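**Q** this is the structure alone, sequence omitted:
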């Protein structure tokens, strides 16, 4: 694995807050469109400062499509083993436990 790939992986692990520092170690570490989608999906649950919210809870309108879209992105972008970890963390960190029983979401949970 070359240095550029290592920096890309660390950038995804550490989140957008680390972008400037990592870019200074390389001549710019441009993330691909897929990398940016991964970053947004991970920021939604792991970035404490991000104001992204999954919505208020079960049956409150706009939250269901947003969560369904997020779950679809996670399932598309990550390996099955990682999907299970990310979904579990989302339920714990973002209070998604109450949404787990919505029919359209239940079908998408691994």
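**A** Perfect, thanks for sending it. Since we're looking at a predicted model, the values are computed, not measured. Numbering: from 1, shown residues only.
**Q** against residue 34, how distant is the residue nearest to residue 96 when sequence neighbours are not counted?
**A** Residue nearest to residue 96 in three dimensions, not counting chain neighbours: residue 90, with 5.2 Å by CB to CB, 6 or more residues apart in numbering. Placement of C-beta: from N, CA and C, glycine included. Separation of residue 90 from residue 34 (CB to CB, to the nearest Å) stands at 20 Å.
**Q** among those two, which residue is more densely surrounded?
**A** residue 90 (22 against 10; other CB atoms under 10 Å).
**Q** give the contact list for the more buried one.
**A** 44, 45, 54, 70, 96 (CB atoms under 8 Å, 6 or more residues apart in numbering).
**Q** okay but the fourth one is in contact with residue 43, surely?
**A** In other words, residue 70. No: judged on CB atoms under 8 Å, residue 70 makes no contact with residue 43 at a distance of 10.9 Å.
**Q** looking at those two, which one has more neighbours?
**A** It is residue 70, of residue 70 and residue 43, that has more neighbours when counted by other CB under 10 Å, with 22 against 16.
**Q** other SSEs contacting the helix or strand containing the more buried one?
**A** Using DSSP states H and E, residue 70 falls within helix 63-77. Here helix 63-77 touches helix 33-46, helix 80-93, helix 103-106, going by 3 or more CB pairs under 8 Å, 6 or more residues apart in numbering; DSSP states H and E.
**Q** need those in TSV (columns: distance to residue 2 and mean pLDDT).
**A** Below are those laid out as TSV (distance: least, CB to CB, whole Å; pLDDT from 0 to 100):
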stretch	distance to residue 2	mean pLDDT
helix 33-46	16	89
helix 80-93	23	85
helix 103-106	39	60
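**Q** can you tell me which of those is packed in deepest?
**A** Mean neighbours per residue, mean count of other CB atoms under 10 Å, is largest over these for helix 33-46, with a mean of 16.
**Q** and for residue 65, the neighbour number?
**A** For residue 65, the neighbour count with other CB under 10 Å is 11.
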